[in-house]
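1. Everything below, folded, please.
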Amino acid sequence: MVQRMTEMKKRVVLSVAAALLMGSTIVGAADAEESIEYRQNVFSVMKWHFGPMGGMVKGKIDFDAEDFSRRAALIAALAKMPKEGFAEGTDMGETRAKSEIWENKEKFDGGMDAMVEKADALAEVAKSGDLDQIKPAFGALAKTCKGCHDNFREESK
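-> Got it, this is the predicted structure:
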């Protein structure tokens, strides 16, 4: 009888442990999906502002110094946000993030930090309204973005 009770206790403990582990896996998956969605949304908003800025720099649309400066300030604020969305385990699901992000986290984090630095510099230069000064700062930020995209993002499907 005592042995049977011990076996039942083991089963209950194992069942509870399994349920807790399953629950944490489900929560972890939800957290991963939320992290992926978060960073994708931040990058989407950045792209929304970066596109017209590129058009102005390339002369495809009229340069509006005030609008450019406003967008540059927003990019600078947004650039500080996506890094936290790249937590361990967020390379699964609907994402173009390569596993190299987590395999070479130091290099990736350096690229993210460089993006912040270049975005801040662009926002500062944009206040001048001088397109000749803005162009190289915009190019430096675009190059930084491309560097991460080339190394850490899958091509579009």
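
2. From here on, just use CA atoms for contacts and neighbour counts.
-> Will do.

3. how close does Ala79 sit to Met92?
-> Distance of Ala79 to Met92, given as C-alpha to C-alpha, to the nearest Å: 23 Å.

4. For this protein, just list every one of the helices.
-> Along the chain, the stretches classed as helices by DSSP state H are 2-57, 65-79, 100-103, 105-126, 131-152.

5. And Ala79 and Met92? Which one has more around it.
-> Taking neighbours as other C-alpha atoms under 10 Å, Ala79 and Met92 compare with Ala79 leading, 22 against 14.

6. Need the pLDDT of the more buried one.
-> Here the pLDDT value assigned to Ala79 is 98.

7. separation between it and Gly85?
-> Distance of Ala79 to Gly85, given as C-alpha to C-alpha: 12 Å.

8. tell me the contacts of Asn104?
-> By C-alpha atoms under 8 Å, 6 or more residues apart in numbering, the contact list for Asn104 is empty.

9. Show me the shaky parts of this protein.
-> Per-residue confidence of the chain (counting by pLDDT under 70) places the weak regions at 1-30, 157.

10. again, 50 this time
-> Applying pLDDT under 50 to the chain flags the ranges 5, 8-27.

11. which residue is nearest the middle of it?
-> The centroid of the chain falls nearest to Pro82 when counting by C-alpha atoms, centre = their mean (3.4 Å).

12. close enough to count as contact, that one and Val42?
-> Yes - using C-alpha atoms under 8 Å, Pro82 is in contact with Val42, at 6.2 Å.
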